[in-house]
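Engineer: Sequence plus predicted model, see below.
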Amino acid sequence: MNHETVFVVDFGGQYTQLIVRRVRELGVYSEMIPWTTAADKIRQDRPTAVILSGGPRSVLETGAPDLDFSVLDGIPTLAICYGHQLMALRLGGCVEKATHKEYGYRTLVPTPSGLVVNEEEVGEAERLRTKPHSLVAGLSSNQVWMSHGDQVLEVPEGFTVTASTDSCPIAAYENVGQKRFGVQFHPEVSHTPDGRSILRRFLFDQAGLKGDWTSESFIEEQIAKIRETVGPEGKVLCAVSGGVDSSVMAALLIQAIGDRAVCVFVDHGLLRKGEAEQVVETFGGHFQANLKAFYEHDRFFGALSGLTDPEKKRKAVGEQFVRVFEDHANELQGCDFLAQGTLYPDVIESGSPTAAKIKTHHNVGGLPDWMRMKLIEPLRWLFKDEVRNVGRKLGLPEDMVEREPFPGPGLAVRVLGEVTPERVRMTQEADWIFRSVLKERGQNKGIWQSYAALLDVRSVGVMGDERTYEQPIVLRAVESEDAMTARAVNIPFDTLEHIASRIVNEVQGVNRVFYDLTSKPPATIELE
């Protein structure tokens with residue numbers, strides 16, 4: 001690797017992605033790798049440092065996630081929670097089921113002078129020597145967040161206990177000479193107020209990293225990588241939707257290879273109201289892009305006919321995109337590569353050896369096996385806020401950079417049940433009313449994503465003294481940093497009441513409106 005890299009070994013912990021984010025926020029490139037392939041990956045790539053994540057299993061269970069620690073020799077390592085227990089166990093320490101399980105806030109009690117095991121072998125001078133470079137010494141706050149059922153009873157030979165809690169005698173340990181550090185708590189979560197200091201001390205003081213990974217360095221690296229992959233004459237089909245992901249991806253490709261990046265916009269009839277026209281205008285005007293636009297409503301609605309399962313709808317949309325590209329191969333000037341705006345959350349939620357599949361994103365698991373073109377995904381390892389920063393550095397206008405996320409399958413996953421032109425029309429009109437009112441009233445600030453979805457049920461209503469039996473609309477607006485977690489926006493009741501009144505009066509076929517208050521987790525941001 002040609003830059004500083006921290007591998008975060010994922011043992012299935014709920015905060016693993018957050019560790020990656022926190023490291024990147026400190027200016028160091030970080031990447032999550034599953035424990036099942038971690039040893040080979042570390043051995044091959046030799047990262048600058050490694051962080052071992054937490055996990056839901058017990059290290060004492062048969063078949064629990066494991067790691068060959070010999071591959072970490074010479075690599076600075078920080079072990080968190082499950083990783084803290086596993087490192088102690090594999091290096092000769094002892095782990096037991098805790099008599100007092102710890103969940104939630106605890107007060108960390110640092111041990112400034114340390115407690116060295118096997119004192120006869122280590123020596124009196126080392127036993128008495130203070131540990132001024134301890135990761136947990138002199139924190140501004142000793143409040144930490146715990147979530148564990150096992151605990152380390154004895155640390156490995158040569159290691160020093162550096163902190164405890166009232167119910168966990170070994171809450172942190174380290175061997176500075178080997179640059180191996182373990183903490184039972186979670187420094188990556190906001191509930192550990194000074195956790196950032198611990199990560200900073202590990203990365204910069206102990207691992208010696210510089211922290212020079214920036215949007216500019218990412219752009220420079222990706223441009224070089226794109227040029228190497230595509231070659232001096234290769235052409236890339238850039239699938240654009242007008243969303244921030246595909247727009248940033250296209251801008252990056254255009255800067256790398258100029259008009260050999262052929263931007264293709266497919267109007268599949270599943271966009272928001274007026275969006276198709278806006279996309280064509282933006283890419284033709286601002287980008288001066290080599291743009292090809294195809295109107296394919298009939299193709300997509302035909303493929304979606306009769307489908308109600310969201311996974312099948314995603315795959316149908318993904319397949320039809322590729323069929324459009326393949327059918328227009330000559331018109332697209334012989335593109336051998338397909339570029340997509342896939343992001344890190346897309347990859348994570350589509351499943352991995354250590355993470356459950358939440359849903360198949362059309363540009364991750366929805367592409368057919370028979371696709372001829374080779375795939376390029378320059379944003380694959382970025383979170384949304386990182387993509388927005390890259391977009392700004394590439395000179396994209398702010399309204400494009402701050403555009404709300406929109407799913408690749410479009411309204412196919414916001415029309416629950418079968419997708420038909422009429423049901424899409426109802427969703428488009430309700431969505432336009434919802435977002436327009438929020439903007440008019442200045443209540444769209446801070447919203448990560450807002451939309452209207454159509455439920456696959458009917459409800460009884462009354463309009464003009466007559467009974468109706470029509471479909472309900474669900475409104476959803478959330479605030480988030482990276483789409484990994486989200487919470488409902490507190491929209492004023494009078495605004496919601498006004499929006500509901502307009503929708504039921506102006507959108508034919510709708511007689512009821514709901515507002516979704518569910519956070520993520522347990523829900524996802526999209527309904528399907």
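Structural biologist: All right, it came through fine. Numbers count the residues shown, from 1 in each chain.
Engineer: What's the local residue count around residue 492?
Structural biologist: For residue 492, the tally of surrounding residues (other Cβ atoms under 10 Å) stands at 10. Where C-beta positions appear, they are placed from N, C-alpha and C, glycine not excepted.
Engineer: Contact partners for the residue lying closest to it once chain neighbours are set aside?
Structural biologist: Distances taken as Cβ to Cβ, 6 or more residues apart in numbering place residue 443 nearest to residue 492, at 7.1 Å, with adjacent residues excluded. Applying Cβ atoms under 8 Å, 6 or more residues apart in numbering, one finds that residue 443 lies in contact with 491, 492, 495.
Engineer: Kindly provide the distance from the first one to residue 442.
Structural biologist: Taking Cβ to Cβ, to the nearest Å as the measure, residue 491 falls 12 Å from residue 442.
Engineer: What of residue 292?
Structural biologist: With the distance defined as Cβ to Cβ, residue 292 ends up 38 Å from residue 442.
Engineer: One more: residue 152?
Structural biologist: The spacing between residue 152 and residue 442, counted by Cβ to Cβ, is 53 Å.
Engineer: More neighbours: which of the two?
Structural biologist: residue 152 (29 against 7).
Engineer: my guess is that one meets residue 93, correct?
Structural biologist: Yes - taking Cβ atoms under 8 Å as the definition, residue 152 is a contact partner of residue 93 at 6.0 Å.
Engineer: Spell out which helix or strand contains the closest residue to residue 9 other than its chain neighbours, please.
Structural biologist: Ranked by Cβ to Cβ, 6+ apart and with sequence neighbours excluded, the top spatial neighbour of residue 9 is residue 38, at 4.6 Å. When elements are assigned from DSSP states H and E, residue 38 belongs to helix 35-45.
Engineer: How about residue 521, nearest residue that isn't a chain neighbour?
Structural biologist: residue 485 (7.2 Å).
Engineer: Is there a neighbour count for that neighbour? I'd like the number.
Structural biologist: There are 15 residues near residue 485, going by other Cβ under 10 Å.
Engineer: Counting neighbours, which bits of stretch 519-528 end up buried?
Structural biologist: When burial is assessed from 16 or more other Cβ atoms under 10 Å, stretch 519-528 yields the following buried residues: 520, 525, 526, 527, 528.
Engineer: wait, which of those is closest to residue 265?
Structural biologist: residue 526 (21.9 Å; Cβ to Cβ).
Engineer: pLDDT at the closest one, what is it?
Structural biologist: If you check residue 526, the pLDDT there is 93.
Engineer: what kind of secondary structure is the residue nearest to residue 492 in?
Structural biologist: Secondary structure for residue 443, judged by DSSP: H, G, I helix; E, B strand; the rest coil, is coil.
Engineer: ok, now the one 4 residues further on?
Structural biologist: The three-state label for residue 447, taken from three-state DSSP, comes out as coil.
Engineer: wouldn't it be in contact with residue 475 here?
Structural biologist: No - the criterion here is Cβ under 8 Å, and residue 447 misses it with residue 475 at 11.7 Å.
Engineer: Which of these two has more residues huddled nearby?
Structural biologist: Using other Cβ under 10 Å, the more surrounded residue of residue 447 and residue 475 is residue 475, with 23 against 17.
Engineer: tell me which element that one is part of?
Structural biologist: Assigned by DSSP H and E, residue 475 belongs to strand 466-479.
Engineer: Sheet-wise, list the partners of that strand with their directions.
Structural biologist: In its sheet, strand 466-479 lies beside strand 449-454 (antiparallel), strand 459-463 (antiparallel), strand 487-488 (antiparallel), strand 510-515 (parallel), with partners assigned from DSSP bridges.
Engineer: For these, give me TSV that also has mean pLDDT.
Structural biologist: As requested, the strands paired with strand 466-479 are exported to TSV (pLDDT from 0 to 100):
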stretch	mean pLDDT
strand 449-454	96
strand 459-463	81
strand 487-488	94
strand 510-515	96
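Engineer: hey, which of these is tucked in deepest?
Structural biologist: strand 449-454 (a mean of 23; mean count of other Cβ atoms under 10 Å).
Engineer: Of the buried residues of stretch 519-528, which belong to strands?
Structural biologist: Helix and strand membership here follows DSSP state E; of the buried residues of stretch 519-528, not one is in strands.
Engineer: quick check, nearest of the residues you listed to residue 181?
Structural biologist: Using Cβ to Cβ, residue 520 is the member of the buried residues of stretch 519-528 that lies nearest residue 181, at 31.9 Å.
Engineer: Which elements pack onto the helix or strand hosting residue 33?
Structural biologist: When elements are defined using DSSP H and E, residue 33 is found to belong to strand 29-34. Counting by 3 or more Cβ pairs under 8 Å, 6 or more residues apart in numbering; DSSP states H and E, the packing neighbours recorded for strand 29-34 are strand 5-10, helix 16-25.
Engineer: can we see that at 10 Å?
Structural biologist: Here strand 29-34 is seen to pack against strand 5-10, helix 16-25, helix 35-45, strand 49-52, helix 215-230, helix 344-349 when contacts are counted using 3 or more Cβ pairs under 10 Å, 6 or more residues apart in numbering; DSSP states H and E.
Engineer: got the angle for that strand vs strand 5-10?
Structural biologist: Using axes from the mean of the first three to the mean of the last three Cα atoms, to 10 degrees, the direction of strand 29-34 lies 30 degrees away from that of strand 5-10.
Engineer: orientation of strand 29-34 relative to helix 215-230 in degrees?
Structural biologist: Orientation of strand 29-34 against helix 215-230 (the same axes, to 10 degrees) gives an angle of 60 degrees.
Engineer: averaged over its residues, what pLDDT does strand 29-34 have?
Structural biologist: The average pLDDT for strand 29-34 rounds to 92.
Engineer: Stretch 413-428 now?
Structural biologist: Average pLDDT, stretch 413-428: 96.
Engineer: and the closest residue to residue 240 other than its chain neighbours, what helix or strand is that in?
Structural biologist: Nearest residue to residue 240 in three dimensions, chain neighbours excluded: residue 246, at 4.4 Å (Cβ to Cβ, 6+ apart). Taking DSSP H and E as the definition, one finds residue 246 inside helix 244-257.
Engineer: Just name whatever secondary elements that helix is in contact with.
Structural biologist: Taking 3+ Cβ pairs under 10 Å, 6+ apart as the contact cut, helix 244-257 packs with helix 215-230, strand 236-240, strand 261-267, helix 275-285, strand 337-339, helix 384-393, helix 398-401.
Engineer: how about a markdown table for those, with mean pLDDT and distance to residue 454 added?
Structural biologist: Rendered in a markdown table, the data for the helices and strands packed on helix 244-257 read as follows (pLDDT from 0 to 100; distance: least, Cβ to Cβ, whole Å):
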| stretch | mean pLDDT | distance to residue 454 |
| --- | --- | --- |
| helix 215-230 | 93 | 38 |
| strand 236-240 | 87 | 26 |
| strand 261-267 | 89 | 20 |
| helix 275-285 | 79 | 17 |
| strand 337-339 | 89 | 31 |
| helix 384-393 | 91 | 25 |
| helix 398-401 | 82 | 27 |
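Engineer: Can you redo these as a markdown table, where the extra columns are mean neighbour count and distance to residue 70?
Structural biologist: Below are those laid out as a markdown table (neighbours: other Cβ atoms under 10 Å; distance: least, Cβ to Cβ, whole Å):
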| stretch | mean neighbour count | distance to residue 70 |
| --- | --- | --- |
| helix 215-230 | 16 | 31 |
| strand 236-240 | 25 | 42 |
| strand 261-267 | 23 | 45 |
| helix 275-285 | 16 | 52 |
| strand 337-339 | 24 | 39 |
| helix 384-393 | 19 | 34 |
| helix 398-401 | 14 | 45 |
